[in-house]
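# please work out how this folds:
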Amino acid sequence: MIATHLKIRIYGDPCLRKKSQPVKDVGMSERMLILSMIETMHQQKGIGLAAPQVGINQQIVVVDIGEGLLTLINPKVIHRKGRSVMEEGCLSLPGVVVHVRRPQEIWVEYWDEHKRPHKQHCSELLARVIQHETDHVHGKLIVDYTPWGEKLRVRRQLKELLTYGKVLEPATAHRLVKKNP
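You can find the predicted model right below:
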């Protein structure tokens, strides 16, 4: 099996706001998708990736925070504990970093790539990444959690993502404004 690089969908793409369908069975096509998602996540230097981020409306998530690869199919957070605030970025929001308040510990149920059920306790960074990626399968993005003041701070970046598909460097943005008032 050869994994292929997938295209990351960027803020404004409607697939990022759709609720994904649960996976009914895990066969060859799902395992190929998982391999391609892992390859894409690593190429983009990400630590998590959800299927909607590559235009696939399925509840599949891959995570690698440096402690081993984790595949979560139909992930469901069943319990939350504590609170912490941390900066988060997203492959679908390149150049945008916001503070997000999330539970510090979670318990999550999911299937692995062999359709074996798991129930796992996660804390700190792993809990945060799983919550972030699970949000994607429900059509949520990190900017949905930001306070109003922070949304104003990143408003220009979000507008550039919608217009150009990327956040422009400040000097470039200034030049474009001067040329196109």
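# so how far is residue 114 from the residue nearest the centre of the chain?
In the chain, the residue lying closest to the centroid (Cα atoms, centre = their mean) is residue 133, at 4.3 Å. From residue 133 across to residue 114, the span is 20 Å (Cβ to Cβ, to the nearest Å). For glycine as for every other residue, the C-beta is placed from the backbone atoms N, C-alpha and C.
# tell me what the strand or helix carrying residue 128 is packed against?
Assessed by DSSP states H and E, residue 128 sits inside helix 124-137. Packing partners of helix 124-137 (3 or more Cβ pairs under 8 Å, 6 or more residues apart in numbering; DSSP states H and E): strand 48-50, strand 60-63, strand 70-81, strand 84-88, strand 98-102, strand 105-111.
# now for these, which one comes closest to residue 158?
For residue 158, the closest of those is strand 98-102, at 10.3 Å, according to Cβ to Cβ.
# okay, now the sheet partners of that closest one, with direction.
Strand 98-102 has its sheet partners listed here by DSSP bridges as strand 84-88 (antiparallel).
# any low-confidence regions in this protein?
Along the chain, the model assigns pLDDT under 70 to residues 1-3, 169-181.
# returning to that earlier point: need the contact partners of the helix holding residue 128.
16, 19-20, 47-53, 58-63, 65, 67, 70, 72, 75-77, 84, 86, 88, 90, 92, 100, 102-106, 108, 122, 141-142, 144 (Cβ atoms under 8 Å, 6 or more residues apart in numbering).
# report the buried residues of it.
126, 127, 128, 129, 130, 131, 132, 133, 134, 135, 136, 137 (16 or more other Cβ atoms under 10 Å).
# got it, and stretch 42-60?
42, 46-54, 56, 58-60.
# dump these to JSON lines, plus distance to residue 26.
Below are these laid out as JSON lines (distance: Cβ to Cβ, whole Å):
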{"residue": "42", "distance to residue 26": "21"}
{"residue": "46", "distance to residue 26": "22"}
{"residue": "47", "distance to residue 26": "23"}
{"residue": "48", "distance to residue 26": "19"}
{"residue": "49", "distance to residue 26": "17"}
{"residue": "50", "distance to residue 26": "16"}
{"residue": "51", "distance to residue 26": "13"}
{"residue": "52", "distance to residue 26": "18"}
{"residue": "53", "distance to residue 26": "19"}
{"residue": "54", "distance to residue 26": "17"}
{"residue": "56", "distance to residue 26": "14"}
{"residue": "58", "distance to residue 26": "10"}
{"residue": "59", "distance to residue 26": "11"}
{"residue": "60", "distance to residue 26": "9"}
